[in-house]
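**Student:** Have a look; sequence and predicted model below, questions after that.
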Amino acid sequence: MGPMSEGTVSLPWIVIRQDDSGNRYRVGRYATRAEAQKIADSLDDRGHKQVYWVERIGQNGDRGHN
């Protein structure tokens, strides 16, 4: 279709969970930061000792334009 490599970085936002032992787990991948943040916030609301945060997966080779 177009020059866009669709699907490669279509889910660039990941939610990470860290437990109190410092272990990290990837909870899920999302298309937008807002979506990932919403998931992280809803998980945080459960009140466990675990920490959730959002990270963006770096695009390899796609540094020219954001």
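**Tutor:** That came through fine.

**Student:** ok, Tyr52 touching Ala40?
**Tutor:** Yes. Under the criterion of C-beta atoms under 8 Å, Tyr52 makes contact with Ala40 at 4.1 Å. In short, each C-beta sits where N, CA and C put it, glycine included.

**Student:** contacting residues for Trp53?
**Tutor:** Contact analysis of Trp53 by C-beta atoms under 8 Å, 6 or more residues apart in numbering lists 15-16, 18, 40.

**Student:** can you do 7 Å?
**Tutor:** 16, 40 (C-beta atoms under 7 Å, 6 or more residues apart in numbering).

**Student:** What does it show for phi and psi?
**Tutor:** With angles defined as degrees, to the nearest 10, Trp53 sits at phi -150, psi 170.

**Student:** Arg17 and Glu35, how far apart?
**Tutor:** From Arg17 across to Glu35, the span is 16 Å (C-beta to C-beta, to the nearest Å).

**Student:** shared neighbours, Tyr52 and Ala40?
**Tutor:** Going by C-beta under 7 Å, 6+ apart, residues that sit against Tyr52 and also against Ala40 are Val15.

**Student:** which non-adjacent residue is nearest Arg26?
**Tutor:** In space, and not counting its chain neighbours, Arg26 is closest to Ile14: 5.6 Å by C-beta to C-beta, 6 or more residues apart in numbering.

**Student:** Would you agree the one you found is in contact with Glu55?
**Tutor:** Yes. Between Ile14 and Glu55 a contact is recorded at 5.4 Å, counting by C-beta atoms under 7 Å.

**Student:** The two: who's more crowded?
**Tutor:** Under the criterion of other C-beta atoms under 10 Å, the comparison of Ile14 against Glu55 puts Ile14 first, with 17 against 13.

**Student:** wait, Trp13 sits on Thr32?
**Tutor:** Yes. Assessed by C-beta under 7 Å, Trp13 is found in contact with Thr32 at 6.5 Å.

**Student:** Looking at these two, which has the bigger crowd around it?
**Tutor:** Taking other C-beta under 10 Å, Trp13 and Thr32 do not tie; Trp13 has more neighbours (20 against 11).
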